[in-house]
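*Asks:* Based on what follows, work out the 3D shape:
(2 chains)
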Amino acid sequence: MAPPIIQCENLVKQFGRHVVIDNCSLDIRQGSIFGLVGLNGAGKTTLIRLVLGLLRPSGGAVSVLGHAPWDHAESLYQRCGVVLENDGFSGNLNVKDNLKIFAAAKGLAWKNVEAYVREFWAGTFIQGEMFGPSKKVKYFSRGQRMQCSLCRAFLGWPEVYLFDEPTVALDVEAYDHFCFMCRIARRRNSAMIISSHQLSAIEELCDMVAVLDNKKLCLLDDGSEAKDGGPWTIVTHNGPGIKEIIERVSGSVASYTEGAWRVRLQTPRTMVPEIIAKLVQAGCGILEVRPEKQDLKGKIRTHYEKT
Amino acid sequence: MKKLNAIIFKEWANFTGSERGVFAVYGVLVISWSFLPLYKGLGGTGIEDIWWLFFSVVISGNFSNTVFVSERLSGSMEILLTSGFSRDAVLFGKSFFIAGMSICIGAVCLGLSRLWLNISGDHRGFDDAVISGAVLYCAGTCMNVAIAAWMSVRLQSPRLIPIVTILMMTVIVAGFSGLLYFVAVPQWSLPVILLSIALAFFLLARKEFNGERIIQPIHL
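*Replies:* Coordinates of the predicted model:
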């Protein structure tokens, strides 16, 4: 199992007598993206600030890359990419000068920053601003400023990412680019926390999702559905011998409704490839194979109904 | 040191990218203030040292508002503190920038004063006054910057910073003047007092910059 990068143990935060986070524990490992959802005012930003060391825990412990963030170690922040509510750019400077400042903070050589923008932000407006005529950041739209924030966060490919509402005001292309960058970061074994109200982004990117509700963290999706046993859907036509193939491999009863086979698989990791291979061998065209899971919105609704 | 320079560069670039009106205001202020020593040239009271001291309050107070307060108002301080800069680099980078700008503007003002006195043909005692005035100005600037750095975190309404700084300076100067009336206090003791207060407030500001309050939202 990959080593944990971000750990919270029985974390408590209170402002005066008002408890915001109560006994939250969290374990985010290398190469995983953690989604944080919750109602307005639930404490998502507070949790991110605790992980960042901007707030001091009232109880429990936080550890990021083995450091206690409240120690404010420069070396820790150099290994973190952050997007918070405010972009932190100096409005009177252009993107290039702003990035120069943040590159200096991370100890990055400027030529590496240029190479990073050329490689990963090619075709975006940021490339144009960097290598062509530029304007002051204060004249950018909200979405453009968010793209600049994301460009800064991924600068130097840090090991930890903490994103608070990173998709706000992004257009379709910028959103896709953000997802693309997140996937690269995951491949580089980074750990990431994304807090967002945009559930589609959370659903698309996150391996684990938790809701912060009533001061506590409640895991909605631990990423095990696709790995562990459960109901699966195989979208294909209904022909002779298909039911038998599926049932023989799965050892369970398969039913065909609305153009798809539904079957419970005990060990999907071995059974899914075997079913696919056998169906293809039998000349059956497969359109889709997926675990049956409730969408995130449904899970959140169910959670609130229960509580 | 590189990070300190990066913060100073950030503030400098932000200042030089300001609207032209900002420079016009500073220009008018410097030229107007530079005429004040002529008052002594015309047989005045000899309070030019104090004029310089309060000029430092005006200039450094204005820079403090832009450099310390605006960052907290916009919430961008959080990003700065989590981007790899040490909190000391942020505090001292910003402070050095304000002090540096304030001293440069003060030097221009002093130079212009010297010019006007030369033109008027009356510069009795001015060169002595320049040294004591410059020393007081620098000490006053350090105190103003330190107080502003601390208050930018402590005050819920940071627009009060210039007022509180003026108040502090007035109380110190008034106290010192009163003391001079009764006791023969050496002239150098006022800059020493100002620098001691500056040191105390820098220590307090450093503590605040390492605390939680630095990211609390503030409102004008």
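*Asks:* next one: phi and psi at residue A:283?
*Replies:* Backbone dihedrals for residue A:283, given as degrees, to the nearest 10, come out at phi 80, psi 20.
*Asks:* Stretch A:65-76 vs chain B: in contact?
*Replies:* Yes: Stretch A:65-76 reaches chain B (CB under 8 Å from any CB of the partner chain) through A:72, A:74. For the C-beta atoms, the positions are set from N, CA and C on the backbone; glycine is no exception.
*Asks:* What is the neighbour count of the nearest residue to residue A:56 once chain neighbours are set aside?
*Replies:* Spatial nearest neighbour of residue A:56, chain neighbours left out: residue A:70 (5.0 Å); criterion: CB to CB, 6 or more residues apart in numbering or on different chains. Counted with other CB atoms under 10 Å in any protein chain shown, residues neighbouring residue A:70 total 17.
*Asks:* Also the one 4 residues further on?
*Replies:* Residue A:74 has 17 neighbouring residues, counting by other CB under 10 Å.
*Asks:* Return the distance of it relative to residue B:3.
*Replies:* Distance from residue A:74 to residue B:3, counting by CB to CB, to the nearest Å: 8 Å.
*Asks:* So for the two, which residues contact both of them?
*Replies:* Counting by CB atoms under 8 Å, 6 or more residues apart in numbering or on different chains, the contacts common to residue A:74 and residue B:3 are B:84-86.
*Asks:* what's the closest of the residues you listed to residue B:107?
*Replies:* Nearest to residue B:107 out of these is residue B:85 (CB to CB; 28.9 Å).
*Asks:* Can I take it that that closest one is in a helix?
*Replies:* No: Residue B:85 is assigned coil when assessed by DSSP: H, G, I helix; E, B strand; the rest coil, not a helix.
*Asks:* got a list of what the residue lying closest to it once chain neighbours are set aside touches?
*Replies:* Distance criterion CB to CB, 6+ apart; nearest residue to residue B:85, sequence neighbours excluded, is residue A:105 at 4.8 Å. Applying CB under 8 Å, 6+ apart, one finds that residue A:105 lies in contact with A:77-78, B:3, B:6, B:83-85.
*Asks:* Equivalent analysis for residue B:150, please.
*Replies:* Contacts for residue B:150 (CB under 8 Å, 6+ apart) come out as B:201-202, B:204-205, B:208.
*Asks:* ok, residue B:209 touching residue B:91?
*Replies:* Yes: contact criterion CB atoms under 8 Å: residue B:209 and residue B:91 qualify, at 4.7 Å.
*Asks:* Quick check: phi and psi on residue A:26?
*Replies:* Main-chain torsions, residue A:26, degrees, to the nearest 10: phi -150, psi 140.
*Asks:* ok, the host helix or strand of residue B:59 near chain A or not?
*Replies:* Using DSSP states H and E, residue B:59 maps to helix B:48-64. No: counting by CB under 8 Å from any CB, chain A is not contacted by helix B:48-64; separation bottoms out at 14.3 Å.
*Asks:* now the helices: where do they sit in chain A?
*Replies:* A:44-52, A:74-77, A:95-106, A:110-120, A:125-131, A:142-153, A:172-187, A:199-205, A:242-250, A:268-281, A:296-306 (DSSP state H).
*Asks:* What about residue B:13, how many residues nearby?
*Replies:* When neighbours are defined as other CB under 10 Å, residue B:13 has 17 of them.
*Asks:* Get me the contact residues on chain B for chain A.
*Replies:* Residues of chain B lying near chain A (CB under 8 Å from any CB): B:2-3, B:5-7, B:9-10, B:13-18, B:74-76, B:78-87, B:210, B:212, B:215.
*Asks:* Please list only the buried members of those.
*Replies:* Buried subset of these (neighbour count, 16 or more other CB atoms under 10 Å in any protein chain shown): B:3, B:6-7, B:9-10, B:13-15, B:17, B:74-76, B:78-87, B:210, B:215.
*Asks:* What distance do you get for the residue lying closest to residue B:59 once chain neighbours are set aside to residue B:202?
*Replies:* Distance criterion CB to CB, 6+ apart; nearest residue to residue B:59, sequence neighbours excluded, is residue B:102 at 4.7 Å. Counting by CB to CB, the separation of residue B:102 from residue B:202 is 15 Å.
*Asks:* ok, now residue A:169?
*Replies:* Residue A:169 is 39 Å from residue B:202, by CB to CB.
*Asks:* which residues of chain B fall in helices?
*Replies:* With DSSP H as the criterion, chain B has helices at B:2-16, B:20-34, B:38-41, B:48-64, B:70-74, B:77-81, B:87-120, B:126-154, B:161-182, B:189-209.
*Asks:* Please list the residues of chain A that sit near chain B.
*Replies:* Of all the residues in chain A, those lying near chain B are A:49, A:52-56, A:72, A:74, A:77-78, A:80, A:82, A:84-93, A:97, A:100-102, A:104-107, A:136, A:152, going by CB under 8 Å from any CB.
*Asks:* Just the buried subset of those residues, written out for PyMOL, thanks.
*Replies:* Applying 16+ other CB under 10 Å to these, the buried members can be selected in PyMOL as follows:
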select buried, chain A and resi 49+52+53+54+55+72+74+77+78+80+82+84+86+87+88+89+90+91+92+93+97+100+101+102+104+105+106+136+152
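*Asks:* so what's the closest residue to chain A within chain B up against?
*Replies:* Residue nearest to chain A within chain B (CB to the nearest CB): residue B:79, separated by 2.6 Å. Taking CB under 8 Å, 6+ apart, we find residue B:79 in contact with A:82, A:84, A:86-88.
*Asks:* Let's see that with 6 Å instead.
*Replies:* Contact analysis of residue B:79 by CB atoms under 6 Å, 6 or more residues apart in numbering or on different chains lists residue A:88.
*Asks:* for residue A:200, same thing?
*Replies:* Here residue A:200 is in contact with no residues (criterion: CB under 6 Å, 6+ apart).
*Asks:* Around residue A:256, count how many other residues there are.
*Replies:* Neighbourhood size, residue A:256 [other CB under 10 Å]: 16.
*Asks:* beta partners for it?
*Replies:* As for beta bridges, residue A:256 partners with residue A:261 under DSSP bridges.
*Asks:* Report the separation between it and chain B.
*Replies:* To chain B, residue A:256 is 54 Å away according to CB to the nearest CB, to the nearest Å.
*Asks:* And the closest residue to residue A:100 other than its chain neighbours, how far from residue B:130?
*Replies:* Take residue A:100 and drop its neighbours on the chain: the residue closest to it by CB to CB, 6+ apart is residue A:110, 6.6 Å away. According to CB to CB, residue A:110 and residue B:130 sit 42 Å apart.
*Asks:* Can you pick out the residue with more neighbours from the two?
*Replies:* Using other CB under 10 Å, the more surrounded residue of residue A:110 and residue B:130 is residue B:130, with 19 against 12.
*Asks:* Fine by me, we can end here.
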